[in-house]
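A.B. asks: give me a 3D structure for the following:
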Amino acid sequence: MSIEIKNLTKYYGTQKALDNVSFSVGSGTVVGFLGPNGAGKSTLMKIVTGLLSPTSGTVLVEGLDVAENINQIKKIIGYLPENNPLYLDMYVKEYLQYTANIYHLSNTDKVVGEVIERTGLAPECRKKIGALSKGYKQRVGLAQAIIHNPQVLILDEPTTGLDPNQIVEIRNLILELGREKTILLSTHIMQEVQAICHQMAILDHGVLVANGSAEQIGISTRNNRRQVEVEFNLPVDEKMLLQIANIVAVEKTGASTYVLESDSEADVRQDVFNFAVQHNLAVLAMQVKQKSMEEVFQELTKNKH
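C.D. replies: Numbers count the residues shown, from 1 in each chain. Just a heads-up that it's a prediction; the model follows:
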């Protein structure tokens, strides 16, 4: 199910939370929203669900304007808020039956049983929600979000506060759900985006500063330069390395390891090999150095506004 966001702006009083944000999400895509605290991620997700109204702009879900078709939209969207509000005194099964009744689902026992099995809640389903671990509470939140089989899932920081094992379990569940649903996921964890998402949207101070796959965003921040890391069998004078065609900067990172920066996107590895042959050196290792997602994120969100 496709989502189209057009010129979305949101003010809280005089504070601008979103600034003319536009992008689209294809059907069956998992999109990761990244950004510093206060970037506008949660505001954007609440507008998509219909919980907040934008100051201006529109959100279309499968061509339906969210503001004008809120009852239809609620039937096709599942939402897990960041704080995951739950009725802690209710039993897991009781709470999910209550949620199923809110959606007027038929055969609630069957539906609840299926969602408990799918989210791995079976071992804990007879406990009160308040007695569950944080990981199982997140599973209950996911279960209520998918109980009506929505075509779109909005997940706000679904792995916050979980231990490493719980994070892996929730990620695997989201990956499974992503095979059949369009998912919008906000997170601060770069590895999460790389592990789960097909597309990422980076927000900073309410502005969409990047949108696309991790590879596309990485390429867009290269500034037409490329770095190659090379290890020789012997140390080399750095001034000699600057004689290699297109190399404009050299950084020594080890006894005989160097990062060479070219002034273009040209592949300089063959020139480096030729240099080694000419100077009776052996190349022990060489690789194109890619920016990490953390480096890309910092570059896009640091001192931009």
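
A.B. asks: can you list the buried residues in stretch 202-222?
C.D. replies: 202-211, 214, 217-218 (16 or more other C-beta atoms under 10 Å). (C-beta placed from N, C-alpha, C; glycine too.)

A.B. asks: okay, and the beta partners of residue 207?
C.D. replies: On the basis of DSSP bridges, residue 207 is bridged to residue 204.

A.B. asks: no wait, residue 23
C.D. replies: In this entry, residue 23 is beta-bridged to residue 5, by DSSP bridges.

A.B. asks: separation between it and residue 42?
C.D. replies: To residue 42, residue 23 is 17 Å away according to C-beta to C-beta, to the nearest Å.

A.B. asks: of the two, which one has the most company?
C.D. replies: residue 42 (20 against 15; other C-beta atoms under 10 Å).

A.B. asks: residues near the spatially closest residue to that one that is not a sequence neighbour, how many?
C.D. replies: Nearest residue to residue 42 in three dimensions, chain neighbours excluded: residue 156, at 5.7 Å (C-beta to C-beta, 6 or more residues apart in numbering). One way to gauge burial is a neighbour count; for residue 156, by other C-beta under 10 Å, it gives 23.

A.B. asks: in what helix or strand does residue 10 lie?
C.D. replies: strand 3-12 (DSSP states H and E).

A.B. asks: what's that strand in contact with?
C.D. replies: 16-25, 40, 43-44, 47-48, 52, 54-61, 152, 182, 184, 206 (C-beta atoms under 8 Å, 6 or more residues apart in numbering).

A.B. asks: now stretch 33-42
C.D. replies: By C-beta under 8 Å, 6+ apart, the residues outside stretch 33-42 that reach it are 10, 17-19, 21, 44-45, 82, 156, 184-188, 190, 193, 200-206, 297, 301.

A.B. asks: next one: stretch 155-165
C.D. replies: Under the criterion C-beta under 8 Å, 6+ apart, residues 41-42, 45, 79-82, 134-135, 138, 141-142, 145, 166-167, 170-171, 174, 183-189, 192 lie in contact with stretch 155-165.
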